[in-house]
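Engineer: sequence and predicted structure below; questions after.
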Amino acid sequence: MLIKPCSLHNHNVSLSSELSYSRPFPCQLPPPRRTLNHPKVSVSCSISQVHSYGTVDYERRPMIKWNAIYKKISLIRNPELGSASVLNQWEKDGRKLTKWELCRVVKELRKYKRYKQSLEVYDWMNNRPERFRLSASDAAIQLDLIAKTHGVSSAEEFFLGLPDNFKDMRIYGALMNAYVRAKMREKAESLMDKMREKGYAIHPLPFNVMMTLYMNLNEYDKVDSVVSEMKEKGIRLDIYSYNIWLSSSGSHRSIEKMEEVYEVMKLDRAIHPNWTTFSTMATMYIKKREFKKAEECLRKVEARIIGRDRIPYHYLLSLYGSVGNKEEVYRVWKIYKSVFPSIPNLGYHAMISSLIRSGDIEGAEKIYEEWLPVKSSYDPRIANLLMTWYVKDGKLDNAESIFDHMIEEGGKPNSSTWEILAEGHMAERKISEALSCLNKAFAAEGSKSWRPKPINISTFFRLCEEEADSASKGMF
């Protein structure tokens, strides 16, 4: 199981990612339900991505043609054609597809959050039951994809349509993940009770997921209750349990309580603190402005980077930026670039964000210029970092210049991009321009889960009242 928090304050655990079984189940997965054809519903949440439900039997095989299939699907320009168009053409050309290849394609698509296309691959297999025998782990993956693509209600309908003898701990785990991502506390708690009844809650994973939910809801006392239940039932805390408990203690109680949990953790001989442990502690120390202790933890983070894992470098950049240690930001960046021949957009985002927080806007601009010729695609979130700083500094012209360059480069402004420009126009009391930008923010691609910042709503209304512009107020 992998903890991959989307922010410095969330520890996200995916229950079913750790349930590894490769044996197929004797019953056949039901054909796809109509719920899979519902319009896409965007669910915004902080829970981690589920990368594996145990379908690892294909991992040891060499890369054959799955990579070519993946590229063809990921490069489809017309999303309405769907993954099926690629798969049909592949077989029309006389090349037979295997389940192993298709599952490997799904894994790669999910890795890059292409959930709709992943689900379409499974739909294609479901429509050929005589060729593809799908297991409970496949059903768990489909449930996860349905929740992310069509929403929790569709995932529930899929769950109810599965045979009872097909619903093992992976299926329940996938549904629980969906509830936790959507912060549906009552449904998650009810499902946890069912898992207790069925004997599925005998290891730390489901408890970790519930602790993640309570963390995301700021119900820190319930995190302590889950820890107590685990101890009472003799369920040993794993590294993820301790990391969540550390974060909860630091957020809710005090640094002293967090340090007490860390001492308990050190006494557990089965536990070896990892880089996430120390990045969590560093985050809490930074919140309390104990920068010396934070930097001690960051040195421990760096000492625990194993293999070719990029994520710790992103955390190091972000946290050193929060400390304001520009020298360390540049040092880590230099090491990062020496280890990896190419840096993804996320790495550049972490670096530019850190430099801006450190007050080094010139350095941030240089890294932005460095990113442009090597970028894999134009990520508007990187431009948004500079635009935000320019607007806050009263330099709307600079922000608009970055915006124009984004359009020239083929980038697509997102809702936040337009909101940043709206903030700049409101600062200059340009109501009609601000309203136009806000309208475009609501119409931007992926805006279903976006909402303007409350401060911007109140600022716009106040500006309309001061300028006696009731028409713009009513229009907004």
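Structural biologist: Alright, I've got the coordinates.
Engineer: surely Glu465 and Gly474 touch.
Structural biologist: No: when contacts are counted by CB atoms under 8 Å, Glu465 is not listed as touching Gly474 (11.9 Å). (Glycine included, C-beta is placed from N, CA and C.)
Engineer: pick out whichever of the two has more residues nearby.
Structural biologist: Neighbour tally, Glu465 and Gly474, criterion other CB atoms under 10 Å: the higher count belongs to Glu465, 11 against 8.
Engineer: could you export the host helix or strand of the more buried one as CSV, CA atoms only?
Structural biologist: Assigned by DSSP states H and E, Glu465 belongs to helix 454-466. What follows is helix 454-466, C-alpha atoms only, in CSV (Å, rounded to 0.1, in the frame of the first residue of the first chain):
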residue,chain,number,x,y,z
PRO,A,454,-15.4,32.9,-0.6
ILE,A,455,-13.2,36.0,-0.2
ASN,A,456,-13.5,36.7,-3.9
ILE,A,457,-17.3,36.3,-3.8
SER,A,458,-17.6,38.8,-1.0
THR,A,459,-15.1,41.2,-2.6
PHE,A,460,-17.0,41.2,-5.9
PHE,A,461,-20.3,41.8,-4.2
ARG,A,462,-18.8,44.6,-2.1
LEU,A,463,-17.3,46.2,-5.2
CYS,A,464,-20.6,46.1,-7.0
GLU,A,465,-22.3,47.8,-4.0
GLU,A,466,-19.7,50.5,-3.8
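Engineer: what's next to it, contact-wise?
Structural biologist: Residues outside helix 454-466 that contact it (CB atoms under 8 Å, 6 or more residues apart in numbering) are 419, 422-423, 426, 429, 431, 434-435, 438, 469-470, 472-473, 476.
Engineer: hmm, try it at 7 Å
Structural biologist: The list of residues contacting helix 454-466 from outside it, by CB atoms under 7 Å, 6 or more residues apart in numbering, reads Glu419, Ala422, Glu423, Met426, Arg429, Ile431, Ala434, Ser470, Ser472, Lys473, Phe476.
Engineer: next SSE after the lowest-mean-pLDDT helix or strand in the chain?
Structural biologist: Scoring the helices and strands of the chain by mean pLDDT, DSSP states H and E places helix 66-74 at the bottom, with a mean of 87. Note on helix 66-74: by DSSP H and E, the next helix or strand toward the C-terminus is helix 82-92.
Engineer: relative to the whole chain's centre, how far out is the helix holding Glu465?
Structural biologist: 32 Å (CA atoms, centre = their mean, to the nearest Å).
Engineer: quick check, Ile239 in contact with Ala270.
Structural biologist: No: between Ile239 and Ala270 there is no contact under CB atoms under 7 Å: 9.1 Å.
Engineer: of those two, who's got more company?
Structural biologist: Neighbour tally, Ile239 and Ala270, criterion other CB under 10 Å: the higher count belongs to Ile239, 20 against 8.
Engineer: so which bits of stretch 394-413 are buried?
Structural biologist: Leu396, Asn398, Ala399, Glu400, Ile402, Phe403, Met406, Gly411, Pro413 (16 or more other CB atoms under 10 Å).
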